[in-house]
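Student: prediction below, plus the sequence it came from.
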Amino acid sequence: MRPVTHRLAPVDEVNLVLDRAGQVNVFLVAGLLEPGGFVGPDGTPDLAVLRSCLGERIGTVPQLGKIAVATGRRHRWVQARPDLEHHVRLIEAVDGPAGLARKCGELMDVPLGLDRPLWEILVVPGAAVRGTGIVLRIHHALADGATATAIVQQLFDPTEARGPASAPPVRAPEKVRRDARQVLGRLRFGLRRMRMTLRGREVGSTVLLGPRSRQRGVVFLDAGLAALERHVRPLGATVNDALLAAAASGYRAALSDAGERLPARLPVSVPVALQRRGTPANQVGIMLVRLPLGDVEPDERVRLIAEQTREEKVRAREQGTLEFMRGPTGARIMDRIGRRQHLVAGFVTNVPGPAGMLRLAGAPVGALWPVTVLAANVRLGVAALSYAGRLRCSVHFDAENVSGVAFARAMDGELARLGT
């Protein structure tokens, strides 16, 4: 029987166009596993047990059994049986959580091969005093952040606290009759976004933009979710607004460390989940948020950000996927533009995760951190994932050109202040 094939949706094909060494387009999440299940009391992992457990679950996740096969300039998905000896494997030991973070930085420069299903689970000894580390990579052609998080949950042990095993739905706006003015308004806004993408210069010359070196750095942070929410809710803000405010403090520190003048506002790109329609794996919009970097009180910075995101989030969902990211031709144009763009200075992304503690093949998952892609000419990005009552964040940066450590230290301090 011939394997079933179908063409990649145009928005999913985009993620293969943008993938290359130095710009590896994967969803990466790293974790710490405690003793239990396939992890022995001394932290030694039993990969045979892990593979046996995962083998049963992988068959229920169609995305993990597909290979992208080139047909001309496009690709088709072809069904394939994953080789678990390759996809689930042990790698060299690291030195604690900081070593795990460094390993994640290295992996963000290593593409996944197109000759196999586009994912892998790496077991990393030494990441914890008792226990082990784990890194899961899923190519963005298979899943956006929300879908990838749902896939991760399906691979972990069943639990009532897990939450839904599918990508979280986005509430659809009330159906209204669109008149000609509404249609023209969306068209005008779309054309304006395209002009901004092509010619926007909201960011001056800065260490945050430019060709990237091969030296990557990653720093892990975390903060209490409940405390953050209690602090920012009376300000009319969300945890995501608090994350952006903390990132603003980080950018202030990184620019000051480089001896640069602080701009009043610094624009960053922030993904927005769209209402899921049809079969494409990637259904994400983009909002531009101008982070206030001036000397304002932390709560005022949160308010200023919340004022923007309330409006921009709605607009991003109405407009949908960025115009140049709706197919491979536009993505090739976007890729060329991105190497010299000055519209945004960074990326900040936040994905909802499971509320309860997970287990993998019986091993408790003590912590999870996502790591964002560095694309175009951007040298620093922030990713966050809510997990078991904590907001787990990472700062991914070009270590040769940007002081990511100064950024992370300032961001961590701001998260602590906003959590009191």
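Tutor: That came through, no problem.

Student: in this structure, which spans are helices?
Tutor: 10-17, 47-58, 84-87, 96-107, 145-155, 180-199, 225-232, 239-257, 298-319, 328-338, 404-418 (DSSP state H).

Student: and the shortest one, what does it pack onto?
Tutor: Contact here means 3 or more C-beta pairs under 8 Å, 6 or more residues apart in numbering; DSSP states H and E; on that basis helix 84-87 packs against helix 47-58, strand 119-124. For every residue, glycine as well, the C-beta is placed using N, CA and C.

Student: tilt between the longest one and strand 119-124?
Tutor: Angle between the axes of helix 47-58 and strand 119-124 is 150 degrees (criterion: axes from the mean of the first three to the mean of the last three C-alpha atoms, to 10 degrees).

Student: tell me the buried residues in helix 47-58?
Tutor: L47, L50, R51, C53, L54, I58 (16 or more other C-beta atoms under 10 Å).

Student: so which elements touch it?
Tutor: Helix 47-58 packs on helix 84-87, strand 88-90, strand 119-124, helix 145-155, going by 3+ C-beta pairs under 8 Å, 6+ apart.

Student: just the shortest one next, same as before
Tutor: Based on contacts counted as 3+ C-beta pairs under 8 Å, 6+ apart, the elements that strand 119-124 packs against are helix 47-58, helix 84-87, strand 88-90, helix 96-107, strand 132-139.

Student: ok, and what's touching stretch 20-27?
Tutor: Here stretch 20-27 makes contact (C-beta atoms under 8 Å, 6 or more residues apart in numbering) with 15-16, 18-19, 107-112, 137-141, 143-145, 148, 212, 214, 370, 373-375.

Student: residues contacting F156?
Tutor: F156 neighbours (C-beta under 8 Å, 6+ apart): R162, L358, R359, L360, V365.

Student: and the gap between it and I58?
Tutor: 12 Å (C-beta to C-beta, to the nearest Å).

Student: start to end distance for stretch 79-90?
Tutor: Terminal residues of stretch 79-90 lie 25 Å apart, using C-alpha to C-alpha, to the nearest Å.

Student: buried residues in it?
Tutor: Result for stretch 79-90 [16+ other C-beta under 10 Å]: buried residues P82, L84, H87, V88.

Student: repeat for stretch 217-231
Tutor: Quick answer for stretch 217-231 (16+ other C-beta under 10 Å): G217, V218, V219, F220, L221, D222, A223, L225, A227, L228, H231.

Student: just to revisit the earlier point, please identify which of the helices and strands packed on strand 119-124 is closest to F347.
Tutor: Of all the helices and strands packed on strand 119-124, helix 96-107 sits nearest to F347, with 15.4 Å by C-beta to C-beta.

Student: so which bits of that closest one are buried?
Tutor: Per 16+ other C-beta under 10 Å, helix 96-107 contains these buried residues: P97, G99, L100, A101, R102, K103, C104, G105, L107.

Student: so, low pLDDT: which residues of this structure?
Tutor: 1-4, 160-187, 189-191 (pLDDT under 70).

Student: T132 contacts P45, doesn't it?
Tutor: Yes: judged on C-beta atoms under 8 Å, T132 makes contact with P45 at a distance of 5.2 Å.

Student: between the two, which contacts overlap?
Tutor: L33, V39, V123, P125.

Student: ok, the first one - contacts?
Tutor: The neighbourhood of L33, defined by C-beta under 8 Å, 6+ apart, consists of V39, P45, A128, G131, T132, G133, I134, L360, A363, P364, V365, G366.

Student: do the same with the third one
Tutor: For V123, the contacting residues are P45, L47, L50, V88, R89, L90, I91, T132, G133, I134, taking C-beta under 8 Å, 6+ apart as the criterion.

Student: can you add distance to Q319 and give those residues back as CSV?
Tutor: As requested, those are arranged in CSV below (distance: C-beta to C-beta, whole Å):
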residue, distance to Q319
P45, 46
L47, 46
L50, 43
V88, 40
R89, 42
L90, 45
I91, 41
T132, 44
G133, 39
I134, 37
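
Student: from those residues, which is closest to A281?
Tutor: The closest of those, once distances to A281 are taken by C-beta to C-beta, is V88, at 21.8 Å.

Student: for that closest one, which residues make a bridge with it?
Tutor: I121 (DSSP bridges).

Student: any idea which of the helices of the chain is most buried?
Tutor: helix 239-257 (a mean of 25; mean count of other C-beta atoms under 10 Å).

Student: isn't E229 right next to V239, touching?
Tutor: Yes: here E229 reaches V239: they are 5.6 Å apart, a contact under C-beta under 8 Å.

Student: OK, contacts around the most centrally placed residue in the chain?
Tutor: Nearest to the geometric centre of the chain sits T372, at 4.2 Å (C-alpha atoms, centre = their mean). With contacts defined as C-beta under 8 Å, 6+ apart, the neighbours of T372 are F347, T349, G381, V382, A383, S394, H396.

Student: what sits against the third one?
Tutor: In other words, G381. So G381 contacts G346, F347, V348, T349, T372, V373, L374, V395, H396, F397 (C-beta under 8 Å, 6+ apart).

Student: give the buried subset of these as a PyMOL selection command.
Tutor: This is how PyMOL selects the buried members of the contacts of G381, with burial counted by 16+ other C-beta under 10 Å:
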select buried, resi 346+347+348+349+372+373+374+395+396+397
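
Student: turn the buried residues of stretch 217-231 into a markdown table, columns for distance to I305.
Tutor: Formatted as a markdown table, the buried residues of stretch 217-231 follow (distance: C-beta to C-beta, whole Å):
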| residue | distance to I305 |
| --- | --- |
| G217 | 26 |
| V218 | 24 |
| V219 | 22 |
| F220 | 23 |
| L221 | 18 |
| D222 | 20 |
| A223 | 16 |
| L225 | 18 |
| A227 | 18 |
| L228 | 13 |
| H231 | 14 |
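
Student: widest-spaced pair of the residues you listed?
Tutor: Spatial extent of these (C-beta to C-beta) is set by the pair G217 and H231 at 29.0 Å.

Student: between T132 and P45, which is the more surrounded one?
Tutor: T132 (26 against 22; other C-beta atoms under 10 Å).

Student: any idea how far that one is from D83?
Tutor: 22 Å.

Student: ok, R277 touching R317?
Tutor: No: R277 lies out of contact with R317 (C-beta under 8 Å); the separation is 11.9 Å.

Student: contacting residues around A248?
Tutor: Contacts for A248 (C-beta under 8 Å, 6+ apart) come out as L266, L291, P292, L293, R301, I305, E414.

Student: how close does the closest residue in space to the second one that isn't next to it in sequence get to Q153?
Tutor: To tie it back to what came earlier, the one meant is L291. Excluding the flanking residues, the one nearest L291 by C-beta to C-beta, 6 or more residues apart in numbering is A248, at 4.0 Å. Distance, A248 to Q153, using C-beta to C-beta: 31 Å.
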